[in-house]
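Enquirer: Give me a 3D structure for the following:
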Amino acid sequence: MPDRTFTLELDVLEGLERFAVDELDELPDCTILSIDVRRGAIRLQYAGDLQALLQLHSVVAAYLVLSYPVPRPRALLGHQHMTRLVAALEQVRGLAPPGRYRTIRLSAAGDDSRVLERLKHTLAEQTGLVVTSDEGDLLLRLRRALDTDGWEALVRLTPRPLATRAWRVCNRPGAPNATLAYAMMRLTHPSPADRVVNLACGSGTLLVERLALGPARSVIGCDLDHEALRCARRNLEAAGYADRVCLEPWDATMLPLLSGSVDVVCADLPFGQLTGSHRDNEALYPRLVVEAGRVTARHGRMVLLTHEVRLLERVLEQYADRWAVMDVVRVRSGGMTPRIYMLRRT
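Expert: The predicted structure is shown next:
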């Protein structure tokens, strides 16, 4: 067992906690000494290399937690507590290439108070970073301890949230959160033998997250929007997967594919917020589900994401002879509560 143990907190989208727990269980050369799963967060005692946590795909952000048995944040300005806090900040900075951290941000209730202003500037002086009120590279959250008296300092392990993927060089309205896309593709139980089709692929989030889980026999992304396909190509190139995906300007309801020629269909369906409208979806959803059923081999899988829950469930009930619902995951993301539907071709 590694000598160093850490208290960590992982932010996750509500509903995706189980995917994060599964990923933690698969981390090599580490030990989870204890784990406390809460809604949207996972607290754990971890013995292992912090660098391994930077590869988690299901986690929005990961934090190193330091507990201080003090009545007020002012005490953190004391030599002993400040030394410990700065050491933790430097440890986190060491996880990234030199020069990656330039700014520091303190996030806390009342962060414009005199005490916290002094704390910000003391930390900036100690670390050589510039104080910012924007996103900040080195993010420090300060809050009252959750289960005991005192205060907690949470240091984000990365300059940007883990959910902010480095490969996303092109973004489009309505693109799914990457951790949500990862969970969707994980539900399909990926296999190297899979023939995958991403309907209405948009900027390619599902395509990248599927290939991050492992190779596939073939991967196709289709979209009628040529600008979306160009955007997907850029993201696939940035992720290093451009040569593994065929992008096509196809209508998701009229695919030029043989019947039973696909193992996995995936789609982030329009649901009338940033893309689509309810009236359009009433026509689209049945046609898409039928066409997906045609091209998918028996026992093949389909995973769909939508906020149009009633509409999709009505369509799935209508075509229950073709698709069996295997799992439904309720998620809270960006103020909305979409659902993931995992289906199997009957």
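
Enquirer: Can you report phi and psi for Arg93?
Expert: phi -60, psi -30 (degrees, to the nearest 10).

Enquirer: Please report the distance of it from Glu317.
Expert: As judged by C-beta to C-beta, to the nearest Å, Arg93 and Glu317 stand 54 Å apart. Any C-beta I mention is one placed from the backbone N, CA and C, and that applies to glycine too.

Enquirer: One more: Val309?
Expert: Separation of Val309 from Glu317 (C-beta to C-beta): 12 Å.

Enquirer: Name the residue in these two with the higher neighbour count.
Expert: Under the neighbour definition other C-beta atoms under 10 Å, Val309 and Glu317 were set side by side, and Val309 has more, 15 against 10.

Enquirer: List the residues that contact the more buried one.
Expert: Val309 sits next to Arg339 when contact means C-beta atoms under 8 Å, 6 or more residues apart in numbering.

Enquirer: That one and Ala252, how far apart?
Expert: Spatial separation of Val309 from Ala252 under the definition C-beta to C-beta is 20 Å.

Enquirer: One more: Leu44?
Expert: According to C-beta to C-beta, Leu44 and Ala252 sit 40 Å apart.

Enquirer: what stretches of the protein score poorly on pLDDT?
Expert: 1-3, 271-276 (pLDDT under 70).

Enquirer: Tell me how many other residues crowd the closest residue in space to Pro69 that isn't next to it in sequence.
Expert: With C-beta to C-beta, 6 or more residues apart in numbering as the measure, Gly150 is the residue that lies nearest to Pro69, at 4.3 Å, once sequence neighbours are left out. Using other C-beta under 10 Å, the number of residues around Gly150 comes to 13.

Enquirer: Gly150: what's it in contact with?
Expert: Applying C-beta under 8 Å, 6+ apart to Gly150 gives the contacts 67-71, 144.

Enquirer: what do you get if the cut-off is 6 Å, keeping everything else the same?
Expert: Gly150 makes contact with 68-70 under the criterion C-beta atoms under 6 Å, 6 or more residues apart in numbering.

Enquirer: Of the residues you listed, grab the buried ones for ChimeraX.
Expert: Of the contacts of Gly150, the buried ones can be selected in ChimeraX as follows, counting by 16 or more other C-beta atoms under 10 Å:
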select :68
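
Enquirer: Quick one: name whatever helix or strand follows the biggest helix by length in the chain.
Expert: Taking DSSP state H as the assignment, the helix of the chain that covers the most residues is helix 278-295. Moving toward the C-terminus from helix 278-295, the first helix or strand encountered (DSSP states H and E) is strand 296-306.

Enquirer: okay, the helix or strand just after that next one in PDB with CA atoms only?
Expert: For strand 296-306, the succeeding helix or strand toward the C-terminus, using DSSP H and E, is helix 309-318. Output in PDB follows, covering the C-alpha atoms of helix 309-318 (Å, rounded to 0.1, in the frame of the first residue of the first chain):
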ATOM      1  CA  VAL A 309     -39.000  12.000 -21.300                       C
ATOM      2  CA  ARG A 310     -42.700  11.500 -21.900                       C
ATOM      3  CA  LEU A 311     -42.400  11.600 -25.600                       C
ATOM      4  CA  LEU A 312     -39.500   9.100 -25.700                       C
ATOM      5  CA  GLU A 313     -41.200   6.700 -23.300                       C
ATOM      6  CA  ARG A 314     -44.400   6.900 -25.400                       C
ATOM      7  CA  VAL A 315     -42.400   6.000 -28.500                       C
ATOM      8  CA  LEU A 316     -40.500   3.200 -26.700                       C
ATOM      9  CA  GLU A 317     -43.800   1.700 -25.500                       C
ATOM     10  CA  GLN A 318     -45.100   1.800 -29.000                       C
END
